[in-house]
Structure formats: C-alpha cells, structure tokens
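J.: One predicted model, sequence on top.
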Amino acid sequence: MLALSCAASFGMGCSKPAEKSEPEATEKAAEAPAAKEEPKASATGPIKVGILHSLSGTMAISETSLKDVALMTIEEINEKGGILGRKIEPVIVDPASDWPLFAEKAKELLTREKVAATFGCWTSVSRKSVLPVFEELNGLLFYPVQYEGEESSWNVFYTGAAPNQQAIPAVEYLMSKEGGDAKRFVLLGTDYVYPRTTNKILQYFLKSKGVAEADIMEKYTPFGHSDYQTIVADIKRFSKGKPTAVISTINGDSNVPFYKELANQGLKAEDVPVVAFSVGEEELRGIDATPLAGHLAAWNYFMSLDTPENKSFVEKWAAYVKKANLPGGDKRVTNDPMEATYIGIHMWAQAVKQAGSTDVDAVRQAIGYQTFRSPSGFDIQMDAKNHHLHKPVYIGEIKPDGQFDIVWKTKEPIRAQAWSPFIPDSAKKVADWTYPWACGNCTAPKYVN
Amino acid sequence: MLVRWLLVLCAVVMPTVVHADAFSDAVGKLASEDQDTVRSGVQEIAVSGDARSLGVLHALRDGKLKVDGSVVVQEDGSKWKRAVDGSVITPSSKPRKVASNNAVRRAMAPAIARLELTSKDVTLRRAAAEELRRSTPPEELAPVLREAYKAEKDPQTKGSLELALADVDLASRDAAKRYEAVRILGARGDIAFKSKLEPLVERDSDGSYREPDGKVREAAAEVLSSLRWKELTNRIVGDIMYGLSLGSVLLLAALGLAITFGLMGVINMAHGEILMLGAYSSYVVQILFQRHFPEHFDMYIFVALPVAFVVCALVGIAIERTILRFLYGRPLETLLATWGVSLALIQTVRLLFGAQNVAVAAPSFLSGGWEMLEGVVLPYNRMVIVLFGALVVAFVWMILTRTRLGLEVRAVTQNRGMAACMGISTARVDMYTFGIGSGVAGLGGVALSQIGNVGPELGQNYIVDSFMVVVLGGVGKLAGTVIGAFGLGIVNKLLEPVSGAVLGKIIVLGLIILFIQKRPQGIFALKGRAVEG
Amino acid sequence: MLSKLKSERELQVVAGAFALFGLIVPLLHLFVPETSPLHVPDYLVQLLGKFACFAMAALALDLIWGFTGVLSLGQGVFFALGGYCMGMYLMRSMAGMGVYKSELPDFMVFLDWKELPWYWQGFDSFPFALVMAMVVPGILAFCFGFLAFRSRIRGVYFSIITQAMTFAMMLLFFRNETGFGGNNGLTDFKKLVGYSMQDDATKLTLYVISIVALFGSYFICRALTRSKAGRVLKAIRDVESKTMFCGYNTRDFKLFAWTFAAVLSGLAGALYVPQVGIINPSEMEPSASIEMAIWVAVGGRGTLVGAMLGAGVVNGMKSWLTASYPDAWLYALAALFVLVTLLLPDGLVGLIKRLAAMKRPKAPSNPGAIVAPEAGKA
C-alpha cells in the first residue's frame, strides 16, 4: 500500500505541469469543437502566439518591457478585430534567464500550446539554445534584438540589427570628420559572443580602412564588472597622441560604473567619445545619465525620433502603460528592441492575413517582401532572402535626461548582411531562402537548374 | 534637407554679407542645422579678432546661445539679445539650441583659450595656455603662441606656452629647433609627450630613421627611456591606489559580515541583500530630498547613512528573531535558511522598485577627481570611500571595545555558557549583535550605491567576495578583515594589467583557496574556540 | 529484523517508481494516442529525463551531505564538468557540420583559432568522453578534497570554499579564451554516436538510459551506504572526532565519498547535456549548487529516496510555477529553504513517515515503519 502511495506522490511531483494543461484543453474543446482534433486547421478559436522573454533572473531588466510591448501590440491588433476574424491570444512563459529552460519552454510552446509564432529571446545564447527546437518542430521565431550576425535560419526572422546595420555605420561615423576623425580605437566589451564577434568584424573592418594593429586595443570584462579604474586609466594612456574613440559593447549593468569612472577620471566625450551598442533609453531609465552625457549610441530607433509615426507609437505605449498599470509608470520609455518587437508582430499579422492561414510554411512564404510603416517613419521591409529587416541607422548623443539627440542618420534603410563580408570565412557565405539557393549558410545554391 | 538649409542660410547671410564683417558672418553660421558649419563658425569667430568674440563664445559654452528661426540670440536674464550686435529682440517662437556635437564642443575650448591668452586675468591665461598645450595646437597658431610667450610674465603660463611651442617645433624643418624642442619636452618630463617623441626613434619601412638628425634621435631616445620609467612607476603607484580603493569597497561590503559571521558564527547568506537594502535606503532618502529639499540635495547622503543603518538593523533583527534563533548551533541549516531569506528579499525589492536598476545620483562634491600623478586620477568618491571605510571600522571597534554592549558581545562570543551564568541575556545580545552587523552592512550599502549600480541583484555580486574577505582575514578578528580586504584589493589590481580582469579574479580566488589550505583559520587565527559546525 | 522490513518497503517503492518511469512512461508515450489524457507528450518525456539527471546529482550530494555531513556548495561544478566532457564529444562528432563547415567547433572559428587546443584532443571518441566525464570531475574533486580534508577544513568553512571554487570555475568558463565557448557554452548539437539528436527514438532512448542510470546509481549508493564504509561515513557525520579516535582514517573515507559523489555528478551531467542540448557556465553559478542542496533537504537528507524525490518535486514545482506564476517562483523557493530547515529537518520522507506513524499508531503487524526514522540524526 505504502509503496503505491509513495510511487503515486513521486509521479505527481513530476507530472504536475502536464495535468495543468488539461482543464484548459477541455475548456477550449467546449468553445471550439473542431479545435481538438485538428489544432492547425481550426479556424474559429483564438490564434495562440508565444512570448518567450525572461521575467525573472538577470535578463528580466531588459526583457520585461519586450513582453509588455508585445502584449500592447497584440491588444492593438485585437482591438481592430484581430486577424482572419480571430483574436490573438498571447501565451506568456518565463524562461527565467536560464538558457536550457529557454529550450524547454520553446518546446512547450510549440508542442503543448501549438503556438502559431513565437516572439522572444534577448541574449544570443538563449537564441542559440532555442534554435534547434524551432528548426526541429518547424516553428516561427521573431528575434527582436541587435545581434552579432553570422546566422540565418529557415525558422527565425531577425527584426533586430545585424552588425552592418549598427556597428559598421557607427565606426564609419567616428572615422568621419564630423565624428571626430578617430585614428585609434578601443574595442571594449563584456566577454560573450556578441561583443567578441562584433569586435572581430570591426577589427577586420578597421584594418581594411588602414588602421594599424597598434592603434586598436581590444579588452573584455566579465558580466557585472563594476571596477573600471584600471581600464579607464589604460584608455587614458592609449588616447594620448592620436584622436581616439571607444567602441563599447559593454552589457547592461556595467555601463554605469564605466561611464562614471570616465567622468571622474576626466575623460570627456569631446576628447574620447564612446559609442555604445547596448545603451538605450531603457538602460538609461534607471540611472543618473549626467556622466554619460555627450557620449554616443547607435541604434535603428530612438524614442526622440521626430516623426508622426513615432509620436503615435510613444503615445500608444504611454497609454498602455497607464492602462495596464505597469511598474515605472510615466517613466517608462520606448527603445529599439521594443520597436523591433512591434514591427515583428505586425509583420507576422500581415503575413497571416495574406496567407489566409496561420500555417508556418504559408506565413513564412508570405512574410518576405512584406513592408510595414515603422515608428522611424520608413516603410521597413522584411528581406525574403535572409530573413532580416532592412533598417535605418541613427547615431544619438546621450542627454542628461536619458534621451538622445540624433546627430547622424542614414538616408534610407540598409539591407542586413547576415554574413559579414569583412570576415574572410564568412564573406563567401550566402543567406538566401529563395529559389534556387534555399539555404542560410551556403557557398553554392542548393538547387541547380 | 541639405538643400533646404543651404537656401535658408543663403537667404539669411546674403543680405548681410555685403556690409558685414567676418565676425557677424561667423556668428551667422551658428544658426545652421549642420554641426560642421557650426564648428567652422566657432573657429572663424575665434580668428575674427572682433572684441565681441569672447563674449559670444562664452555664451555658447554656457548654453546661453539659442537659435530663433535663423537669428542667433543670446539669453540675458529674462531678455533676448541678438548675438551679433546686442540689440534686444523678442523671439518669435521658442528658440532652439545651437546644433552641437562632439566636434563642435572640441573646437570650442581651444577657440576660447586662444582669445583668453591675452586676458588680463592671470588664472584665465594659465588655463588657456594649458588648454592649448593639451590640445596639440595646429601649426598656424604658432605665431600667436610665440607672441603671447614673449609678452607673458607669469612663469606658469610661460611654461605651458613653451611646451606648446616645443610641440609645434617638433615638426619644424630646422634640426636645431627640433633638438631644442625635445630638450624642453624632456625637461618637463610629461608622459603625454611619449607618443609624440616615439616617431623620432622609429624606422620607416625602408629601414631609414624617420628623424634624419642623429643628435635629435639620441636626445629623444634618452628622454623616452626616462619617460617610460616614469610611466611604469606611475602605473604601479596607480595600481596600488586603485587596489586600496577596491580594498575599501570590499572592506565596507564585508564588515557587517565580519560581525555576524565572525563574532556570532552565523552564516548569513542574506548579507548581500542587507547591503542591497542599505543601497535602496539611500535611494529612497535621495528621492525624498529631491521632492522636498531640492536645494539641500547634496546633504541627502548624511541622512541616508543613519536611515540605512536603522532600516538594515531592523531587518537584521527581524531575521534573527524569526529564523536564526531557532537555528543556532546548526550552521549549515542557517546557511540554507538565510539563502531563502535572500531570495525573498530580492523578489520583494524587485516587486516594490522594479527589476530595473534605480538611479542614485552622487552628491556633486563627490564627482570629479584629483590627479595625484600624471595618469593617476583618484576620483573623489573613491577617496571618500576609503575614509569612510576607516570611520566605520573605528565605529565598530568603539562599539566592541568601549561600550557595555561590546563587552557583552565579546563575552558571549568567548564563552556563551559562562556569559549566561554571569547574568548576560545571551538571546538579547545575539539580537543586538546581529542588528549591529546588519546595520553596518547597511552603511556599506550606502557606500556601494555611490560607485556602482543599485538593483535587486546588487547583493549577489558581493556575497562571495565578502565571505572571502572574512575567511581570509580570520574569523572573529576585525584587523584580519581590514588586512584581508586591502590585501585582496591590491593583489587584484596588481594582477589586472598583467592577466586581465577576469583571469586576475580567478587567480585571486585560487590563491585564497590555497591560502586557506595552509592557514585554515585565516591570517589572524582566533585561538581556542573556532567557528565549527 | 525491523530494518530489513523497512528496507524492503523502500525497495518496493523504488522498484515501483522504476517500473513507472522506465516502462510505463515510454509505453504511454509510444502507444497511447495523442488525444488521450493518458498520453505522455514529448516535452514531458524530456522533462522527466532532465529530472532523472537532477535526481542523480541529488543522490551524489546526499551521499556527502546527508551521509557524511559535508555540505558541498560546489556540486554544480562536477555536474557541469561532466556535461562539458559530453558536450565536447558532441561538438567534435559534428566536425564539418557546423555553420562554418570547419573541423573546429564554430566558436573557435569565431575566435580565429586555427587548431584544437590540447585539452580537446581525444574527445572525438565517445567512450573516451564518457570516461572523462567521470574522471575529470573525479580528479578535480580528489585534488580539492585532498588539500581541504588534509588541513581539516570542515563545516561551513568547507561549504564556503567550495562556493569560492564554483565561482572561480564559473568565471574561468565564462572566458572565451578558456576554449569552452564562453557564455554561450556548447550547443547546437547534431548527432550522438551516429544517431540524429532530433529523432524521437534517440530522445526516448536517452530518457530510458537516464532512468536506468538513476536507478543503477541508486542501487550502488544503497549498497555503499549499507556497507561497513557507509556506516563509517555516518559515524563521521555524527561525531567525526570519536570516529577518528576509534582508529578510522576519516580523511580517506571523506575523500572517497567526496570523489565518488563528484564522479556520480559528472555522469549525471553527461546524461543531462544531450537531453537539453546545451551546456554553459551558468550551471556553475553558486546559486545552482545551492539549489541542489535544497532538493536534498526538501526530499530528506540521509535517505536516498528522499534525495531523488526532492529533486523531482522541487524541479517539478519550478517548471510549473515559472510557467503559471512567474513572480511567485522565487518566493516559493525562498519559503522552501526557510520552512524545510525550520520545520522539516527530515524533509518530505520524514514527513511521510511521521504521517504514516500517526495514521497507524498501533499497527502491530509492521512496527518497523514507525520506529526510529533513520534520517533523524542529520
């Protein structure tokens, strides 16, 4: 007897998550009798989409607002009647900044919830961890954050910037007369794959522009590093003699101590400008931005962009924050990955409308060449070949209030290069999902006539 | 876009061009939306030789210059004046700021310095000469500098100008001039000139020296070797100072733990979160000051200290009363339970204040730094933290040795049973000790809020380091904690330039593990009763 | 007589669980149609496989904490090292199939490395990797334990320096130059001994192997703890000095248990990695190792069944709460830490025993189940 009860309790502890889904399933079955037999063909129930952002753990700081903006966008679409006459139902899961948990949750979303598309991930490692899941189960992932490139997947749409849509234009700006005519470069980053790869591309790029090896200093610090005394002193020494710029891929938390140290050691933005790829409105919201003022950031969107589209986007967000009573209240801001999430969801919705179905293969075919009027005021296009957005690039100067003065911008959106032409190994590679290539990582087309 | 402003610019500038001078021309350029035009405007104002130039540039630097449509206006109290002639006008709309970027700002300082070089005020002249020296003057400035040098009486200004001239002369065609320049730079011994002298001893790709004159080369090589030596010693002194500063941070983080762990033997895994609460207390006090006493904002830090102490002490006492007192004598259970407490505190703060970091602005008297040696800047906030660390150590020491409570604490630490027999309420002493330890951690939290981020995860970054400091120093010894903290800080900073920040830290952790194998009780071993589970 | 009865009951429970997870779950997965409520879906099988690996790590921790009284806050390192060894094999086995079609793993191509570092040699062979997954954690544990136990570091000191070790190892593995993929770790695996890792059959096989390995380790640990050596370990836990005075070299016994636990954790890690498809340094975070301690504490330390049960229950709760009530998860975990240490020193197993004792206060037929719970002394 005891044996059985023990075994039962043992089993229960583990199978709880499975049981939870059942009442939901029966409820839905009652609403939509057809839903249960053929989940994909059901045409009456709500369309489920997954939201896969960490709501706890270290990445919660950045990812929470992406979840919020995704909910806002879905609400916006639903208020206009949804798509194909059906409402969108977000399924929110919390992978808790735990990379294996990302894969587990992605699997759950695809197999248990049978979501039509998933919007999520922030860090490269979380994306790399879910990638095999989406490829295996043929799901759709919209990834909204700037990243290191060197990837193209049949199942992923990248709505954030590739290196040539952020890093390269920023460095070109620094080398221009306007940007300070920099001759020496400090590549400073947090030690993980995005800064490493970006800096590798920049190294090749700078050398191709005739910058000598001795004029490039590359340094990495661990996550959460907060003591920049030695590094700033090094930069100070290095910057004597030639105009110098710092290209910072320092992640999140470490930025404030870094800029504070710069200010305290007397390195001013006009002497040694720092251009950052990971400092945006959201990162500046929580901090006193005075020591950062004058330094630069490169993004595809700024909250301070002066376009009617952006004005309405910012207003929509403020209204949503108020309505949903989100923490932070009127201090909440919009930023680049939020805009990318917003664009991604709308593009997906458009593609579903065009395809007349939520079927992954149909939507994927429909989404290529889809355009959407983004808050930046451009008709942004999804590239059918490499699954990346064409994006405009802006360089902003940080103001003490945590917003940006735009000091430079591209005339029109730039097409992403998934594979950097500056890395010899990657230059040969082609990301093209259309016939006859149909491949994200090939040097020759898959199909030959 | 470009065309539009060009047209606007032409429309504005053209009519005035006929009878206007170079000055008003240049001021007109400030109205442009293109930063490059603004920059050349700034430079042209400086060379225009007009008496009003300096006033306009000062106004620009101080942010008083605005653009109203296409007219540059200057704010003067509540009135607006045209920047060109000072006539009062009423701006049509809200004037915008002058378009500016780093290049504009970079042009501003030398432009102003150049004009101030002839000022009557000697301090202004000194600053101007220093600014010009620092920014590597272009060759066409040489005559201006030479003239100023001849007229100058003040030795300090003269010195700066001499260096600035030497800098220009390094590129001279006359070998004697170059030699003289190297000599002057060498006499000053400024490390900043190292990179300028280096090309003189380098060879070109074809093997020939870049500097044709052997005598100049020799002099440069000599100066360079002394500069290198100076740079190295400065560097080491700098690293030691940075190490002291890091050590004081570690000390403040670990001091509370030295009391709770060291004296009571409580493994408080929530120690980091007590630090975090201290930092949040200073955030809340700062917000209150911002709202109610903005004029005394800088003083908030002095209020934050006692507030943080009290808040953290109360939280500590609450933890002690509700959880720890049931677990005395079971250190491993204490460890797990306090870890649980730390998770709950993190989540609570996250729900109350959001997962985002919050902004704790440093009081204005803590920003900036003092250049101790060339290339070694000691930021004020770090210097204050070293002092503050010393004060807190003194405070704890006073409590432990000069008060009745301290006496009781030491008695209970040394022999609990005997102390109880002597009529000391050990439970009460435990509560107060834990309260004081937590309060001190709160003070540490206020200090940490001045140099790093304040967020829910703040404590997690310091918990391992804090334990390392206490264990290394020897449990139960205040002096051990102090030496442990500074030792760790300095070793860490001396290793950092050689091995990089990450490897440096790994090496330090490895060294600690090895050190503890050798001396399991830390640097200062407590004799007799040790903390033991 | 009494203890024999008791142990038989424990065996029945374990055998029942083994049958349930090793046989019934795969059968339900394979042969019950997807629409049936009894069907065990894909993700659940993988989740259970993951939990089996956690349970193995919990067994290992229980062996040194519950039975020997040495709390390690660094068990995550051994688990992760085992995982890295397996990960290295998986990376090597897909040479030429990566993004860059290079013989080197992708991240090395990223870093512009031209050849494999020496410590990656040999990992193209599966048996070698499997052996290394146990040997590497074993060697690290042996060296660390040898030094620590020799200088008589014990109690909380030992816990704290194991935590420092974890922290240092995590920093080391976070560095990209170390050569293990830095923060991303090793991921994007394709094949395991020739079988595609996407295949359902491969996954199910991995699951069954994990279950078998778990119960295999259980029986080994059981035999160990019931042997004479096991009794010495318990004696060390209870009063180390007296054990020493009885003439036992406690250092060697502790070192043995500590190293064995590391080997077992390594094996668990090696099984874990192909199932979750990634290994990275976050497994070495100090908090991950402390969480392992709470698995054991919740289940009931000093009982092997408790350790396994605790791992299952806590992780089950984590999967459920992070999905349904994300904000509540940390509170729940916090409450577990506090309540278990304050109110349930013997964990769930102790609770079940106490409940059973209350229900049948005078059951004459089997008094053994009520009297003297073995774990009471921890």
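T.: The structure has been received and is ready for your questions. Since the structure is predicted, the reported quantities are computational estimates derived from the model, not experimental observations. Numbering: from 1, shown residues only, chains lettered A, B, ... in the order given.
J.: From the rest of the structure, what touches stretch A:161-168?
T.: Residues from elsewhere that reach stretch A:161-168, judged by Cβ atoms under 8 Å, 6 or more residues apart in numbering or on different chains: A:146-149, A:197-198, A:201-202, A:205, A:247, A:277, A:298-300, A:336, A:388, A:391, A:393, A:414, A:416-418, A:420. From N, CA and C alone the C-beta is placed, and that goes for glycine too.
J.: Now do the SS call for C:S319.
T.: Following DSSP: H, G, I helix; E, B strand; the rest coil, we place C:S319 in the helix state.
J.: just checking, it touches A:K107?
T.: No: C:S319 lies out of contact with A:K107 (Cβ atoms under 8 Å); the separation is 11.5 Å.
J.: Checking A:A298 next. Helix, strand or coil?
T.: Assignment for A:A298 (three-state DSSP): strand.
J.: how much space between it and chain C?
T.: 22 Å (Cβ to the nearest Cβ, to the nearest Å).
J.: so how far is the helix or strand where C:I64 lies from its chain's centroid?
T.: When elements are assigned from DSSP states H and E, C:I64 belongs to helix C:42-65. A distance of 5 Å separates the centroid of the chain from that of helix C:42-65, by Cα atoms, centre = their mean, to the nearest Å.
J.: and stretch A:337-350, does that touch chain B?
T.: No: applying Cβ under 8 Å from any Cβ of the partner chain, one finds stretch A:337-350 out of contact with chain B, separated by at least 14.1 Å.
J.: Average pLDDT for that stretch, rounded please.
T.: Across stretch A:337-350, the average pLDDT comes to 96.
J.: got it, and stretch B:118-127?
T.: 85.
J.: hang on, the earlier thing: from the contacts of stretch A:161-168, which ones fall inside helices?
T.: Residues from the contacts of stretch A:161-168 lying in helices, with DSSP state H as the criterion: A:T197, A:T198, A:I201, A:L202, A:F205, A:D336.
J.: which stretches of the chain aren't confidently modelled?
T.: This is for chain A. A:1-43, A:286, A:449 (pLDDT under 70).
J.: other chain: chain C
T.: C:1-6, C:99-100, C:360-378.
J.: So for it, which residue is the most central one in space?
T.: C:A57 (1.1 Å; Cα atoms, centre = their mean).
J.: these two touch, right, that residue and C:S289?
T.: No: look at C:A57 against C:S289 with Cβ under 8 Å: they stay out of range, at 9.7 Å.
J.: which residues do these two both contact?
T.: Counting by Cβ under 8 Å, 6+ apart, the contacts common to C:A57 and C:S289 are C:Q75.
J.: mind listing the strands for chain C?
T.: Applying DSSP state E to chain C gives strands spanning C:186-187, C:191-192, C:195-196, C:278-279.
J.: packing partners for the second one?
T.: Contacting strand C:191-192 under the criterion 3 or more Cβ pairs under 8 Å, 6 or more residues apart in numbering or on different chains; DSSP states H and E are the following elements: helix C:75-93.
J.: Quick one: distance of the helix it packs on to the chain centre.
T.: Between the centre of helix C:75-93 and the centre of its chain there are 14 Å (Cα atoms, centre = their mean).
J.: quick check: angle from it to helix C:42-65?
T.: 130 degrees (axes from the mean of the first three to the mean of the last three Cα atoms, to 10 degrees).
J.: How about the residue of the stretch 251-378 of chain C found nearest chain B: what's its closest non-neighbour residue?
T.: In the stretch 251-378 of chain C, the residue that lies nearest chain B is C:F337 (2.5 Å; Cβ to the nearest Cβ). Spatial nearest neighbour of C:F337, chain neighbours left out: B:G340 (2.5 Å); criterion: Cβ to Cβ, 6 or more residues apart in numbering or on different chains.
J.: A:T190 too?
T.: A:N251 (4.0 Å).
J.: ditto for C:V32
T.: Using Cβ to Cβ, 6+ apart, the closest residue to C:V32 is C:H39 (4.5 Å).
J.: any idea which helix or strand comes after the helix or strand hosting B:P497?
T.: For B:P497, the host element (DSSP H and E) is helix B:478-499. With elements assigned by DSSP H and E, the helix or strand that comes after helix B:478-499 is helix B:501-518.
J.: anything in that next one sitting right up against chain C?
T.: Yes: legend: contact between helix B:501-518 and chain C by Cβ under 8 Å from any Cβ is shown at B:V502, B:L503, B:K505, B:I506, B:L509, B:G510, B:I512, B:I513, B:L514, B:I516, B:Q517, B:K518.
J.: could you check the distance from the last one over to A:V407?
T.: So the one you mean is B:K518. 58 Å (Cβ to Cβ, to the nearest Å).
J.: before we move on, what about A:I395?
T.: Counting by Cβ to Cβ, the gap from A:I395 to A:V407 is 6 Å.
J.: Comparing those two, which shows the higher neighbour count?
T.: Neighbour totals were compared for A:I395 and A:V407, and A:I395 leads with 26 against 19 (other Cβ atoms under 10 Å in any protein chain shown).
J.: The more buried one in helix, strand or coil?
T.: strand.
J.: Quick check: it touching A:A298?
T.: Yes: using Cβ under 8 Å, A:I395 is in contact with A:A298, at 5.1 Å.
J.: anything in contact with each of the two?
T.: Common neighbours of A:I395 and A:A298, using Cβ under 8 Å, 6+ apart, are A:P169, A:A170, A:Y173, A:V275.
J.: Same list, those, but as a markdown table with neighbour count and secondary structure please.
T.: Shown next, in a markdown table, are the shared contacts of A:I395 and A:A298 (neighbours: other Cβ atoms under 10 Å in any protein chain shown; DSSP: H, G, I helix; E, B strand; the rest coil):
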| residue | neighbour count | secondary structure |
| --- | --- | --- |
| A:P169 | 21 | helix |
| A:A170 | 25 | helix |
| A:Y173 | 22 | helix |
| A:V275 | 25 | strand |
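J.: Leaving out the residues flanking it, which one is nearest to A:V363?
T.: Nearest one to A:V363, counting by Cβ to Cβ, 6+ apart, is A:A351 at 4.8 Å.
J.: Confirm that neighbour sits in a helix?
T.: Yes: judged by three-state DSSP, A:A351 forms part of a helix.
J.: Nearest the geometric middle of chain A, what residue?
T.: Centroid-nearest residue in chain A, with Cα atoms, centre = their mean: A:V145, separated by 1.1 Å.
J.: I appreciate the help and will end here.
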